[in-house]
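Student: sequence plus the predicted model coming up.
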Amino acid sequence: MRHRRRHAPSAPPRALPDPALHARVLAATAALLAWATALPATAGTLARVASPGGALSVIVESQHEHRLAYRVERNGEPVIAPSRLGFLLGDGRLERNLELVGQTQRSFDETWEQPWGERRLTRNRYNELRARFAEKAPAGKDAGRRFDVVFRVYDDGVGFRYEFPEQPAMDEVRIRAELTEFALAEPAGTAAWWIPAFEWNREEYLYRRTPLREIGTAQTPLTLRTGEGLHVSIHEAALVDYAGMNLARGDGDVLRAALTPGGDGPAVIRATPFATPWRTIQVGARAGDLAESSLILNLNEPNAIGDVSWFVPAKYVGVWWSLHLETETWGSGPRHGATTANTKRYIDFAAANGFRGVLVEGWNPGWDGDWFANGWGFDFTRAMPDFDLRGLARYAAGKGVHLIGHHETACAVSHYERQLPAALDLYARNGVDVVKTGYVCDAGDIQRQDRAGGPVVREWHEGHWMSNHHLRVVEQAAAHRIAINAHEPIKDTGLRRTWPNWVSREGARGMEFAAWADPPNPPEHEATLVFTRMLAGPMDFTPGIVSLQGRNGRPLRSTLAKQLALYVVLYSPIQMVADLPEHYARQPEAFRFIQDVAVDWEDSRVLAGEVGQYAVIARKARGDGGEWFLGGVGGGQPRALEVDLGFLDAGRRYRAEIYRDGDDAHWERAPFAFVRQTREVSADDAMPLRMAAGGGVAIRFVPLP
């Protein structure tokens, strides 16, 4: 048994034996207190800013050795504990001996209109703190390095970035690493949904659900749920001329920025002045709050290209799913998919069913042989002999249909850039106004060649050089009135606001993984994407596989109703009707919803959902029709719930056209069990929903006279 030490009663204070020593101790103590009070490192709070509604607050602090830190509170409770700021530069660290030399605050409130999007009108309302810092001048120099940290605080999240002014002490910044931290205030009991960074298959991994302490190095967006039920997402906005940020877990479960490396030097090399991307923290009481947030978009600059009315949000079909089924091929030969006759068949199908676009992959030279290993053989300026691009473009235009272009680079990116002006000219002449780009290769294997015949440098998909490449493509495409849908892309960080011709991208496991991957996409995959990948922006998931079969008859982990619901749940302004025309002919009732569903929205609401379990979303179509659509997707377990229809316009009656799982539906045992029914409803009603294992529900609400 361990005994506690008992303290003796307090004794009378003893006088110091030496009065002179006593005086010196008092003087030293007073000097120490004065020094400590003057130092930011021990003075604590340097600045504070709250959101417009007061829900969130950011506090900037100085810590030991004059290091900077910030923390975030929600309604007075800590969300992000003190987290450090700073850099490792080519000439040393930029994190110590920093003092606050000035600060300003301002408020901002605007409502801006998206040319296309999840909602037409977006409110951008925040309070901003600009804190200016200077490093103590090194010996022999007149001034130290300077930078600002700018915080924008919204009621649903925080964005902050570093800004480096032009300055004699630093005309070029070579960033080896960012020291930015995100220290969750309640790491114990926090669950995380994440995919690994720096692995060979880029962003195409199944999301892991683990405790926070089991994260290794994760890509963003990273979604967290604390033990108290608070939902947090960490990501970035406006990734321009900079390396993409990942998150590495360190001591104490602190998450630290891990910049994507450069191919031949530091992660980032920039001349001053410049600003980093925004580091973002979205916060919500429920998972749906994260999905409804416009924080990422709002932190981007306004439209830089003006009128984009030439881009029409729409559905498209194409020569694609057959390639993944291996019934047709990208390369030439007897099973070549991109032939004139086959493409005409898809154009006819699109025209007959009101679909605007036809994608054709494998139309250009370079696909024969091992294209994955040699993208230098692709030619983007001419077609294969059995594909009449000009004739097909005229044929499509006569039926009100547009061809969708395809540029697969196989990661020979410099080779692609040299052909890009001519390739875009070719498409523009033939009425192609959307291009799907591709960067298929192992991560870290992008091929950069700064001059023809020069050495090839290997880059990462989300490195500094590739962030600039994507913007070069988008900018040149905009000049040709062409929209870009990137696959194997750099992550979405809301740049569609600045470049609204960057309409969609992949950047996660899409439908093709259901065709042939091992393991395939599980039933909960889409309900996870809603609250993880989709927080970044639109995804070209390519839904609508009503055959429910992949390669060699492999079953999808989905019911028929779920395939319909994906058109509402997973947002993109271009949605593929991905299955084969003959498969839709066998499912006319289900196909009717795919024909009717909108792709461009006036408003969007998350009615219910939990990460990886289920998601129910309602969206109002743009235009005068006043229609609403609802989509719900579940996971591996059946689910029953009731949703309030208060999102519908008050005072109106609607015909609800319901496409739901049958009573005995199950993705494995009865995937085609399916019911279509109608009922009359209003905003005063509630509607019961039932989703089978791997199932879903889709509803069209049509206003009645």
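Tutor: Nice, I can see it.
Student: now do the helices in the chain.
Tutor: 19-38, 40-43, 287-292, 295-298, 321-325, 340-353, 389-397, 413-429, 464-479, 512-516, 525-529, 560-569, 581-585, 588-596 (DSSP state H).
Student: wait, which of those helices is closest to I175?
Tutor: I175 lies closest to helix 464-479 among the helices of the chain, at 9.1 Å (Cβ to Cβ). Backbone N, C-alpha and C define where each C-beta goes, glycine included.
Student: where does pLDDT dip in the protein?
Tutor: 1-43, 140 (pLDDT under 70).
Student: redo that, cut-off 90
Tutor: 1-44, 91, 137-144, 169, 252, 373 (pLDDT under 90).
Student: what residue spans form the domains of it?
Tutor: 44-299, 359-507 (the TED database).
Student: okay, those in CSV with mean neighbour count next?
Tutor: Formatted as CSV, the domains of the chain follow (neighbours: other Cβ atoms under 10 Å):
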stretch, mean neighbour count
domain 44-299, 19
domain 359-507, 20
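Student: in contact with G631, which residues?
Tutor: Neighbouring residues of G631 by Cβ atoms under 8 Å, 6 or more residues apart in numbering: 564-569, 616-617, 619, 696-699.
Student: one more: E77?
Tutor: So E77 contacts A185 (Cβ under 8 Å, 6+ apart).
Student: do F378 as well
Tutor: N364, P365, G366, W367, W371, E408, T409, A410, A412, H415, Y416.
Student: from these, which is closest to E602?
Tutor: E408 (35.1 Å).
Student: I'd say the closest one and L359 touch.
Tutor: No: look at E408 against L359 with Cβ atoms under 8 Å: they stay out of range, at 12.0 Å.
Student: so what's the residue nearest the centre of the chain closest to, chain neighbours aside?
Tutor: Centroid check for the chain by Cα atoms, centre = their mean gives A536 as the closest residue, at 2.0 Å. Closest residue in space to A536, ignoring its immediate chain neighbours: D492 at 4.0 Å, by Cβ to Cβ, 6 or more residues apart in numbering.
Student: how much space separates that neighbour from R533?
Tutor: As judged by Cβ to Cβ, to the nearest Å, D492 and R533 stand 9 Å apart.
Student: common neighbours of those two, please.
Tutor: G507.
Student: for D603, find the nearest of the helices of the chain.
Tutor: Using Cβ to Cβ, these put helix 287-292 closest to D603, at 10.3 Å.
Student: dump the residue contacts of the closest residue to H487 other than its chain neighbours.
Tutor: Counting by Cβ to Cβ, 6+ apart, H487 lies nearest to E506, which is 4.1 Å off, once chain neighbours are set aside. Counting by Cβ under 8 Å, 6+ apart, E506 makes contact with E203, A486, H487, E488, P489, M539, D540.
Student: which ones are touching the nearest residue to the fourth one once chain neighbours are set aside?
Tutor: Once its chain neighbours are removed from consideration, E488 has its nearest residue in Y439; the separation is 4.0 Å (Cβ to Cβ, 6+ apart). Under the criterion of Cβ under 8 Å, 6+ apart, the neighbours of Y439 are T409, A410, C411, V413, I446, H461, A486, H487, E488, P489.
Student: you'd agree the third one is up against Q447?
Tutor: Yes: the pair formed by C411 and Q447 meets the contact definition of Cβ under 8 Å, at 5.5 Å.
Student: overlap of the contact sets of these two?
Tutor: G375, C441.
Student: return the member of the contacts of Y439 nearest to A243.
Tutor: For these, the nearest to A243 is H461 (11.1 Å; Cβ to Cβ).
Student: R345 contacts P581, correct?
Tutor: Yes: between R345 and P581 a contact is recorded at 7.2 Å, counting by Cβ under 8 Å.
Student: who does F133 bridge with?
Tutor: L100, F147 (DSSP bridges).
Student: any idea how far it lies from T272?
Tutor: Taken as Cβ to Cβ, the span from F133 to T272 is 15 Å.
Student: and V79, which of the helices of the chain is closest to it?
Tutor: helix 287-292 (13.2 Å).
Student: fine, thanks again, bye for now.
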